[in-house]
Structures are given as C-alpha cells and as structure tokens.
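# Any chance you could fold what I've pasted below:
(2 chains)
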Amino acid sequence: MRVELDKIISSVRNDHMSALSKKICILGDGLVGDDSHRSRFVKRQLSDTYLSNVGVTISCKSLELFAGEPHQKLKLQLIIWDLQCGNKFKSVVRRYLQGASAAVIVADVSREETLARLSERIQLFLSVNPKGFIVIAWNQSDVVDEKELEELASQAPKLAPDRVLDTYKTSSKTGAYADEIFQKLAYRIIATA
Amino acid sequence: MKPLLQKLLAPPRIEYLTLNQDLIILDTSFGVWRFADVPSEVRAGLDVRAGFPELTGVEDILRAVLQGRRANFELKGIARFSEPSSPLYIDLYVTGHLEEETLEPQMIIFFEDVTEMMVLKQSLVQRANEASLLLSALASSKDYIDKIIHSMADALIVTALSGHIKTVNRATQELFGYREEELIGQPVSRLVADRTFLRRLSQRRGFLSEGELLKDVEVVCHRKTGEKITVAFSCAAIQTEIKGLQDLVYIGRDISARKHAESEIRKALEKEKELNELKSRFISMTSHEFRNPLTSILTAAALLKEQYASHQTLDDDTRMYFQMIQTSVKQMTDLLEDVLVIGKAEAGKLEFHPEPLDLAEFCRHLVLEMEMGKKLIPYGTACAPAITFVCQEESLHANMDEKLLRQILTNLLSNAVKYSPQGNPVRFEIRCENGEANFEIEDRGIGIPPDDQKRLFETFYRAKNARKLPGTGLGLAIVKKAVELHGGRIAVSSEAGVGTTVIVTIPLDRGRQTKSEDVIS
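Numbers count the residues shown, from 1 in each chain, chains lettered A, B, ... in the order given. Here you go, the predicted model:
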C-alpha cells in the first residue's frame, strides 16, 4: 500500500502548495467491514485478512474536480483516517476526529445494534466537528434482505438531516459506490471552502 | 537546542522537529525522516504536512499551541507501514517553545517510536477479540445443545458419580411428574427405584471409565403420583470439566404403552390359541360321534337290503334307493375324514411319518383304485373320464408319508375328473429330477377363473364356476398342508374353459433330511 500511496502523493507533490488537503475520517463497526472499505476506497482492492487493528492508519487519495469554470480542474487531496472504534476509548477517538471535514460512517447492516451505534457515531463526529459532513455507507448490504435494508436506510438520515449528505449501499465483496462517496464528499467540501 | 535536551533525546526512539507559525520546518533531529509518511519531504523550509499528513486539518490547534492558548497537542498510535511484518507506530507530541536567541515563538514536535508497545497491544487486542469470538461460539454451542436437550422427547438425567441429580430436561419432568427444583440435588434413586439396575450400573462403572455402560435396560419406575411406568434406560459416563471426575447420563424412554400393547397382544394370542384348541377338540369329537351313527346306518341299510332281497327280487327303484343311502353315507364319511384332517392340520397335529415307498407302484395302484371307485360313484355325468397314467420308470424309490401322499393325489385326481364333465381324459405323469418327484396332473376341464386361483388353497373356498358341482372346499387345503409337510411345493396353471395343470414337487428323501417327526406348526 505504501508504494501506491507514494505514487498518489508524488502526483500531488509537484504543485503541493496549490493542492487543497482535507481530512476525512472513516468510522465503522470494526472487524472486516470498514477495513476492507478503506482498502476499497484507497486502493480499489479487497483485503480479506482480518486483523484487530490498533492505532490509526492514515492514507491519502488525490482527486481532480471540476470547479465551476470549464477546463479548470481543481486538485483535492483527501487525508483519510481510518478509525475503527471497536477497541478504542471515546476520548482517543475524539482526538483523532479533530479537524476532519467529513466522515464516512460505515454501518454493518448484518448487525442488530447497527442503528443505535450509527446514531452514536454521528453524534460523536458532530460534537467534535459541528460543521462536518457525513455520508452513511451501509456495508454488507448484499447479505441482508432488501426490505430490511430499506427500512434501516430510511430511518438513518433523520438522525442528523442537515449534516448527512447521502446514504449508499456498499459491500465489502463488490466495493460498490466507493468512488461516488468520495466524489460526493469532495465536491461538498470544495463548495464550502 | 540545549545540549541537555539533546542528551535527553539521545535514545534513538525519540526524534523532533521545530516549526514556525506557518508550519514550515525550521530544524529537525537527524533521524526524524524515518517517522515521516513521505521521508523526502522532511527538510528545513518545507511544509510539515507534506511529510506528516496527519497534521492536515489540525492547523488551528497547532496555532493555539504556538500562541500559548493551549499547552500541547498529541496524537497517539499512528501506523506508518504497509507490510504487517515490519510495523512502525509513532506517538507525536506538540508543544510551544521560544527560540532562545530571537525569542520567536516556535513549535516543537516530538516523535516517539511506540512500535513495541503497540505490537504488544495489537496481540493483546487480537487475543481479546479471539477470546470473545470463542466465547460467543461457546455460548451459541451451549445454547444449541440446551435447545436439543430441552426439546428431545426422551428423558435426560445427569447425575454426579454420587448419584445426585445435576440436570434434568423437560421430558424428565413430564415423564415423572416432578418439577425441576424438586429433583436437582436429589439422589437418582428417587426416580429410578430399581436397586438391581443401580447395582449393575455401579458394577459396570468399575470396568469402563467412559462411554456407554448400559443400553435399553427396562426399569420399572414410579411417577410422583405413585403410578407405575416402565422406562427403557441407557446410561453413559461422561467426562466433566474437572479431569478425572465423571458424571453419569441417563437417557430414559417411556415404554409403558409399548409394554401394555405387548401384553395385550400376548393375551389375544393366547386366547386365539385356546379357541383353536377348543375348535379342533370339538371337530375331532364330533367327527368321531358322527362316524358311529353313519356306520350304523350303512350296516342297517345293508342288512335291510339283504333281508329285502331274500323275500323278493329288487325292482330298479328300490335298488336305486339303497344305492342312494350308500352313496350319501360314503360322501358324509369322506367329508368327516376331510374335516378331521384339516382340523388336525390347523391345530398343528397332522403327523408326518415318511417311509420307504415305490412311487411308481403306489401311483399305478392308486389310479386303479380310483378307476374302480369311479364306477361305483359316478360324478354327475354318465361317462366319467379315464385317467391316463404316465411313468417312464418301472419303479421309483422314495421316502414319503404314504397316508399324506394318498391325500394329495386322491384329491388332485378326483378334482381333475370331477371338473372334466365332458369326459376328456385326465393325464397323470410322474417324473423324477434333481432328487425331487414331480407329479403332474393335467385335465381339459372347466378350468379355474383367474380371480379364484389366488384363493384356491383357502379352507372352504370354491371357485365360482365349480359351485354347481358337489364339493366341500377342503380338498386343496388338505393337499397344501400335506405338501408343506413333505417340504414340497405346488404350482397351478389354469385357464377357464381350457383346463388345469397342477404340478406338485416333493423331495424324494424328505424323511432322511428331517429325522425327527415333522409337524405343521
């Protein structure tokens, strides 16, 4: 992964100062779900191995965005913090969240307590970054009943209607929507910057 | 930097760099690059965020530290590796600092290599996760087993070696009528009062340390209400979580209903046997009692005929009347004989005494007898068919019961003659093959309809097209019993209106094979 990241960063480095860098956090249910999510987002590759991660992993992803004027491209570097809350104390997570512009909150649909934990995470993120944006990614959505998922998904945005931009049904198997999520967040961040 | 500070930072796991308020690197320790995400970007004059992307987003906090509005800022446990085999974790700590010469406020960031601690923590977390996975697997497996035990239909009782009950399932409570709390801690003898069973169990336990001790042992138990039930118990010893200590598992199935049904069947069978004996006693008694008056009738009729004839010549009518008396008495005697034989056979008292016998001679004689008798008692028609006897051998030696063989052949031959009203000759052939004698009787008579062929050998059963002709329905039943006694078999092929062929196959030497006297059971 390091090699690829170097590549990403070196592409940004040439005009480093002109590129905008923004911090984004991925919060999730730990275990396989969000780790593979990050891999998907950053590397378009699926990691099958399960490791109980300690600490925090930081990766970079640079995006090219069209900013209003035709033929004018804007470079945005996303600094992606992977926070798996499973084994961490809230106070530690709060420190990691500081300065983030947005968060992808991964909710594992196959778990019963999902909605409660989702709401908890949204509140946690907004308490640190009141002006941050949120995208909810329903992970493992290919393993549960469609109807059940719809019901969950319809309830989620109500938790913070002005901050939750969208919800996506992703899957650690297929990696659906990974790019769309980042594009969505990136444009919104640019718009307010 | 103060020499003291440099000494303090001498251990290689701590590095530092200083920044101005625009986050531009002013100075670095020698090895700080190895903690950077992009080592080449770490040198004086460059933005620190290029080498340390984790400082992106927290610029406001850093400035607060610089301006003294905030004492410090720290980030812990940042992972800096791609290969899990060579991990690197760092903590970073930011604090404010005044340049000694220029008195410019600066920021100083200390980096500490915390890989060792984080790897330890990682393995700890991994263990904890695995343990919790294992725990949940154990819990679900226990839940699974509990559900099976709870829903199983057999009673399950677990006791300590001392015999005190530790666990009972729902089926046990239902079977014995106790509540769970009434049984836990009680000796198992409260449920299984059979001393012999418990003693056997403790004897077995001495030999086997683990595994099944007893299987399906029927034990009489008492329910709470005092009601008696029969339970089939299997018992096994199982290892407990404490090494060397075992529990006993009893699995019990209520077989009271089965036992009850068995005894009912046994009673019914005994009753039937009694009735059968009564029937055969009655038949044999009445047969004897009938025979005496019949003999008297026959004798009286003969005497009467003689006396009558000495006075005057008999006219045709009178002769016919005497003839009718004789014929009827003969028929009745034959019928009685048949009933007696079938009665004996059904009571299992038909005896089998094989003796050496020349089959060819016996059959020839039998056919002759029948030809003679036929003249005496014509069957229905004026012209009775002849029996053509075929035998390639001069003599055939066999070991058979002459009396039973006579029953077989007489019945079959007289049937063939009786059911050939057109007078078509009956063919009777005897052959010997593979140690067996084949008696083949072929007629071209009325035949047997297919539906009736299946029930041919039932007592008193008569084919639909034979009911106009006299007969009792006993003949073939007797033939079958007699053939079975010889260890033989019968094959019948017949077509209504065309004729019937019966082939009886009997081992030539059945007598020697079964020395003891054979009786139909």
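# where along chain B do the helices fall?
For chain B, the helices defined by DSSP state H occupy B:3-8, B:48-51, B:59-66, B:115-151, B:170-176, B:180-183, B:195-207, B:256-311, B:316-346, B:359-376, B:402-418, B:450-453, B:475-485, B:510-513.
# got those as JSON lines, with mean neighbour count, distance to chain A and mean pLDDT columns?
The C-beta positions use only the backbone N, C-alpha and C, and glycine is treated the same way. As requested, the helices of chain B are exported to JSON lines (neighbours: other C-beta atoms under 10 Å in any protein chain shown; distance: least, C-beta to the nearest C-beta, whole Å; pLDDT from 0 to 100):
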{"stretch": "helix B:3-8", "mean neighbour count": "10", "distance to chain A": "25", "mean pLDDT": "65"}
{"stretch": "helix B:48-51", "mean neighbour count": "23", "distance to chain A": "6", "mean pLDDT": "91"}
{"stretch": "helix B:59-66", "mean neighbour count": "17", "distance to chain A": "6", "mean pLDDT": "91"}
{"stretch": "helix B:115-151", "mean neighbour count": "13", "distance to chain A": "4", "mean pLDDT": "86"}
{"stretch": "helix B:170-176", "mean neighbour count": "19", "distance to chain A": "28", "mean pLDDT": "91"}
{"stretch": "helix B:180-183", "mean neighbour count": "14", "distance to chain A": "31", "mean pLDDT": "91"}
{"stretch": "helix B:195-207", "mean neighbour count": "13", "distance to chain A": "47", "mean pLDDT": "75"}
{"stretch": "helix B:256-311", "mean neighbour count": "12", "distance to chain A": "45", "mean pLDDT": "86"}
{"stretch": "helix B:316-346", "mean neighbour count": "16", "distance to chain A": "71", "mean pLDDT": "84"}
{"stretch": "helix B:359-376", "mean neighbour count": "15", "distance to chain A": "85", "mean pLDDT": "81"}
{"stretch": "helix B:402-418", "mean neighbour count": "21", "distance to chain A": "78", "mean pLDDT": "89"}
{"stretch": "helix B:450-453", "mean neighbour count": "14", "distance to chain A": "62", "mean pLDDT": "87"}
{"stretch": "helix B:475-485", "mean neighbour count": "22", "distance to chain A": "69", "mean pLDDT": "89"}
{"stretch": "helix B:510-513", "mean neighbour count": "16", "distance to chain A": "74", "mean pLDDT": "60"}
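# Please name whichever of those is nearest to residue B:36.
When those are ranked by proximity to residue B:36, the top entry is helix B:48-51, at 4.0 Å, counting by C-beta to C-beta.
# what does that closest one contact?
Outside helix B:48-51, the residues that touch it by C-beta atoms under 8 Å, 6 or more residues apart in numbering or on different chains are A:13, A:16, A:21, B:17, B:19, B:23-25, B:33, B:36-42, B:55-56, B:109.
# Just the buried ones from those, in PyMOL syntax?
Typed into PyMOL, the line below selects the buried ones among the contacts of helix B:48-51, using 16 or more other C-beta atoms under 10 Å in any protein chain shown:
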select buried, (chain A and resi 16+21) or (chain B and resi 17+19+23+25+33+36+37+38+41+42+55+56+109)
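# can you tell me which of the contacts of helix B:48-51 are in strands?
In this view, the contacts of helix B:48-51 that belong to strands under DSSP state E are A:21, B:17, B:19, B:25, B:109.
# between those, which is nearest residue B:263?
Of all these, residue B:263 sits closest to residue A:21, with 92.0 Å by C-beta to C-beta.
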